[in-house]
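**Q** mind folding the following:
(chains A, B and C)
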Amino acid sequence: MSSQPPDSLNDIFERVLTGKSLFANRDALRNEFIPSQIHYRDDQIKAVAQILSPSLAGHKPSNLLIYGKTGTGKTVVTKYVINRLTDKGKTLSGSLRTAYVNARIASTEYRILSELAADLGVNLPFTGLSLSEAFNRIATKIKESAVKAILVLDEIDFLVKSSGDNLLYEFTRANEEFNNEAFITLVGISNDLKFKESLDPRVLSSLNEEEIVFPPYTVDELKSILQERIQVAFVPGKVNDAAVNLCAGMAAAEHGDARRAVDLLRVAGELAERENAESIGDFHIREASKSIERDRVLEAIQSLPIHGKLTLLAVSYFQEAENTGHVYAKYTDLAKRLGLEPLTQRRVSGLLSELDLLGLVSAPVISKGRMGRSKKIKLEVPQQAITNSFKDDETMKTLL
DNA sequence: CCTCCACTGGAAACCTAGGCTC
DNA sequence: GAGCCTAGGTTTCCAGTGGAGG
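**A** You can find the predicted model right below:
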């Protein structure tokens, strides 16, 4: 990298300046981009709108649960309807408020509450309050100002998985305290229906008053979505049909994920531009798919905590699948070499499960009869990926 | 059919780092 | 500064277990 001849840098700059770039508008391929029109989701848009519309007349809409795989438009559709609803609400006298939180990003109950509070115009300190106090402040505000609130909890399954359903219970119960002037309606979005199993039956029946399922996009739908984005994002004629077909095909194979399709296209465009290609072909899509996977692995490894890295490195020492005991012994050895106090085996067993979840190792539990029961741990990423991830890591590179 | 290995994985307690209120 | 609170990682404890070998 450091030995780039100055001219090649100049080439890069020149290409942008002289407009020879393949991109016309890169932003149209970003995740946050909301297209002016949402295609193939008319039924879902209408359904969501129908369920939430009583709020305009001041009545409490049913709670709603939206379910569908990633990249099926759940968030986009919900945000779209919520925005339109808020706009319409402004023209009327009512005090309709909407709030949106992504439970995976907010990650804790308190942060979820504080983001909701911010959207509702309630002041909550970052920390320092008990959960119940934070909740009371929100509820009091809603009651006193007769707020009609629609709260969207995106990736609600993360909330339930990490903290249980207490918060949801509080929300559903809070409505009983309000008089008819105020209400809270919950809209939960999830790509995992199984989270419902761990809900208290009372919470479930309340949350699940209405349910909408978003089907995956078909190949043809993906193609047409891509075509439309291509028109905005690229200079005309720069993406060939084979590329679009492959892109749609690959995304359809992954449960009709439109976000995935658009990501592939963006990375393919960047790759093609970098190699000075005239247009984007199916080759670039394939390369993009590999590149996205490589980046995902690299990032996953680099963002591991130190003991996670050590555990992964310990696994990588074994060619064949190994049991927890041996991996733990290797891990202990590595930790001591760094002068770190090794964690307990129980914890390392947990770390191994986390690595499994990330797809970096496979660690199914198997029984070998008299030889006991253990995880059967095997590295699932190339050795190379681990070496690459650690070579810039001041601590880990001493072990390589 | 029974035993018994080498763990698993749940639960609770503990610790640290942070931040609020009074 | 005391006395609360939380998040998040960890340790400790321990009951539970699939299935090969007896």
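**Q** can you map out the strands along chain A?
**A** Using DSSP state E, the strands of chain A run over residues A:64-68, A:96-102, A:148-154, A:183-190, A:210-214, A:361-362, A:365-367, A:373-375, A:378-379.
**Q** kindly reformat these as TSV containing mean pLDDT.
**A** Below are the strands of chain A laid out as TSV (pLDDT from 0 to 100):
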stretch	mean pLDDT
strand A:64-68	92
strand A:96-102	88
strand A:148-154	90
strand A:183-190	91
strand A:210-214	93
strand A:361-362	94
strand A:365-367	95
strand A:373-375	95
strand A:378-379	95
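**Q** what's the closest of the ones you listed to A:Asn323?
**A** Of all the strands of chain A, strand A:373-375 sits nearest to A:Asn323, with 3.9 Å by Cβ to Cβ. Using the backbone N, CA and C atoms, a C-beta is placed for each residue, glycine as well.
**Q** ok so, going back, could I get the strands of chain A as a markdown table with distance to DNA strand C and mean neighbour count?
**A** Formatted as a markdown table, the strands of chain A follow (distance: least, Cβ to the nearest atom of the strand, whole Å; neighbours: other Cβ atoms under 10 Å):
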| stretch | distance to DNA strand C | mean neighbour count |
| --- | --- | --- |
| strand A:64-68 | 23 | 23 |
| strand A:96-102 | 14 | 20 |
| strand A:148-154 | 15 | 24 |
| strand A:183-190 | 19 | 24 |
| strand A:210-214 | 28 | 18 |
| strand A:361-362 | 16 | 20 |
| strand A:365-367 | 4 | 11 |
| strand A:373-375 | 4 | 17 |
| strand A:378-379 | 18 | 18 |
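**Q** residues contacting the nearest residue to A:Leu400 once chain neighbours are set aside?
**A** Among residues not flanking A:Leu400 along the chain, A:Phe390 sits closest, at 5.9 Å (Cβ to Cβ, 6 or more residues apart in numbering). A:Phe390 makes contacts with A:Ile301, A:Lys309, A:Leu313, A:Met396, A:Lys397, A:Leu399, A:Leu400, as judged by Cβ atoms under 8 Å, 6 or more residues apart in numbering.
**Q** which single one of those residues is nearest to DNA strand B?
**A** If you rank the contacts of A:Phe390 by distance to DNA strand B using Cβ to the nearest atom of the strand, A:Leu313 comes first, at 17.7 Å.
**Q** the closest one and A:Leu399 touch, don't they?
**A** Yes: using Cβ atoms under 8 Å, A:Leu313 makes contact with A:Leu399 at a distance of 6.5 Å.
**Q** joint contacts of these two?
**A** By Cβ under 8 Å, 6+ apart, A:Leu313 and A:Leu399 have these common neighbours: A:Leu334, A:Phe390.
**Q** mind checking which of those two has more residues around it?
**A** Neighbour count, other Cβ atoms under 10 Å: between A:Leu313 and A:Leu399, A:Leu313 has more, with 21 against 13.
**Q** DNA strand C versus the more buried one, what's the distance?
**A** Relative to DNA strand C, A:Leu313 is positioned 15 Å away (Cβ to the nearest atom of the strand, to the nearest Å).
**Q** and for A:Val297?
**A** Distance, A:Val297 to DNA strand C, by Cβ to the nearest atom of the strand: 20 Å.
**Q** quick one, what contacts that residue?
**A** With contact set as Cβ under 8 Å, 6+ apart, A:Val297 has these partners: A:Leu360, A:Val381, A:Ala385, A:Ser389.
**Q** the residues you listed in helices, which ones?
**A** Judged by DSSP state H, the contacts of A:Val297 include A:Ala385, A:Ser389 as members of helices.
**Q** could the contacts of A:Val297 be laid out in a markdown table, adding neighbour count?
**A** Converted to a markdown table, the contacts of A:Val297 look like this (neighbours: other Cβ atoms under 10 Å):
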| residue | neighbour count |
| --- | --- |
| A:Leu360 | 24 |
| A:Val381 | 22 |
| A:Ala385 | 20 |
| A:Ser389 | 22 |
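**Q** which one of the contacts of A:Val297 is nearest A:Arg274?
**A** Proximity of the contacts of A:Val297 to A:Arg274 (Cβ to Cβ) peaks at A:Ala385, which lies at 21.4 Å.
**Q** pretty sure the closest one contacts A:Arg294?
**A** Yes: if you go by Cβ under 8 Å, A:Ala385 and A:Arg294 touch, sitting 7.3 Å apart.
**Q** thinking again about what came up before, output the contacts of A:Val297 as TSV; include the columns distance to A:Glu278 and pLDDT.
**A** Shown next, in TSV, are the contacts of A:Val297 (distance: Cβ to Cβ, whole Å; pLDDT from 0 to 100):
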residue	distance to A:Glu278	pLDDT
A:Leu360	38	94
A:Val381	34	94
A:Ala385	32	92
A:Ser389	35	91
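**Q** out of the contacts of A:Val297, who's near DNA strand C?
**A** Applying Cβ under 7 Å from any atom of the strand, the subset of the contacts of A:Val297 adjacent to DNA strand C is empty.
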